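Peer 1: Compute the structure for the input listed below.
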Amino acid sequence: MKRKIKTKHRLFSLLIFIMLIVVSLLTLPFINRNENEEIIFTIESGESIKSMALRLKEEGIINDDKFFIILSKMFDVDTKIKSGDYLLMKNSYEYNTLMKMYRGEVLLIKITIPEGFNIFQIARRVEFVMGIDSTEFVNTCYNKALLKKYSIKGKNCEGYLFPDTYLLSKGKTAYQIIEMMLKRFKQVVYDELFKTNEYDFSDYDYIILASMIEKEAVVDREKAIISGVYYNRLRKKMYLQCCATVLYSLGKTHGIPTYEETQINSPYNTYKNLGLPPGPICSPGIKSIKAAISPEKNPYLFYVSKGDGTHIFTKSYKEHIRVQNNLR
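Peer 2: Numbering: from 1, shown residues only. This next block holds a predicted model:
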């Protein structure tokens, strides 16, 4: 007997639902639509279905908030609607609006991180585009659990926030954005890419060198050449004398350091410290990383900028000075 009552109750509920659908479909032709009228609608985290339905009606996105609530309960999605910003049409069908929200089709924000940006530049870009405090972003780059999870040997995520264009939804945290960039790094810079060289470089060493190449080489074709210069200097136990490492220690991103600046005491100053600096100085792109792993074999020890993004490479200090004088 109880089973028959439950069956009748389900059939009755189904009949009511079908009637609501029919009524909705019959009234659709009379809805005055303007499909060009769009509106950004924000659903807050934890907001009730009743609250959002009422606001949807007030904004003119749907016509019947009660029908919207009934639909959400019938499809068992009333507690599963994802928060975020949605681009919706005014005078939309309740079902279409509900499903868009249930699928989480949130409005995405595009952010591009160029090759050669350091964590401080990335933090400022994220703050400008996403509204996340830049100090919070930088501090999160030092999160020890995050560094351990992605096997980063440095004290922060410098060098591993992969430069790319990302689509982010509003409400993403600094941690989530950083982790997204670290995952992208792992996708592009896979472990098999690295190899053992004569200096027994670790993966981290390669990223350090790649970051220097990224800042020094403007055109892609010179990346492997500049990499070869650094390897030649390492072989001869010469100072690498990378201007970009000095600028990084000074908190600068562009320019040419003065002689006085090249004398500062910093572990990143490759004019005064032999070998690689203690960590990356920016986020290198994949071409710079490959150049660091596979340098061009050449006889060069010096290079000087021609002022147009390219360099003149020389074998001796005497040649280097002569080129410098000719370019003045």
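Peer 1: Tell me where the stretch 1-150 of the chain has strands.
Peer 2: 38-43, 84-89, 108-112 (DSSP state E, counting those that start in this stretch).
Peer 1: mean confidence for the second one?
Peer 2: For strand 84-89, the per-residue pLDDT values average out at 88.
Peer 1: ok, and which of the strands of the stretch 1-150 of the chain has the densest surroundings?
Peer 2: Greatest average neighbour count among these goes to strand 84-89 (a mean of 18), per mean count of other CB atoms under 10 Å. Just so you know, the C-beta spots here come from the backbone N, C-alpha and C atoms, and that holds for glycine as well.
Peer 1: what angle do that one and strand 38-43 make?
Peer 2: Put simply, strand 84-89 runs at 150 degrees to strand 38-43, going by axes from the mean of the first three to the mean of the last three CA atoms, to 10 degrees.
Peer 1: Now do strand 84-89: which elements does it pack against?
Peer 2: In this structure, strand 84-89 packs against strand 38-43, helix 94-102, with contacts taken as 3 or more CB pairs under 8 Å, 6 or more residues apart in numbering; DSSP states H and E.
Peer 1: Strand partners (parallel or antiparallel) of it?
Peer 2: strand 38-43 (antiparallel) (DSSP bridges).
Peer 1: from the chain's centre, how far out does the partner strand sit?
Peer 2: Chain-centre distance of strand 38-43: 25 Å, with CA atoms, centre = their mean, to the nearest Å.
Peer 1: same deal with stretch 48-66?
Peer 2: Distance, centroid of stretch 48-66 to centroid of chain: 35 Å (CA atoms, centre = their mean).
Peer 1: Which residues outside it are in contact with it?
Peer 2: Under the contact criterion CB atoms under 8 Å, 6 or more residues apart in numbering, stretch 48-66 has outside partners 24, 31, 39, 41, 43, 68-69, 72-73, 78-79, 81, 88-94, 97, 101.
Peer 1: Quick one: buried ones out of these?
Peer 2: Among these, those buried by neighbour count (16 or more other CB atoms under 10 Å) are 24, 41, 43, 68-69, 72, 78, 81, 88-90, 92-94, 97, 101.
Peer 1: tell me the domain boundaries of this protein?
Peer 2: Each structural domain of the chain that the record assigns through automatic domain parsing is listed here as a residue range: 23-102, 108-188, 197-327.
Peer 1: show me the contacts for residue 174.
Peer 2: Going by CB under 8 Å, 6+ apart, the list of residues near residue 174 reads 126, 132, 133, 136, 137, 140.
Peer 1: No further questions, thank you.
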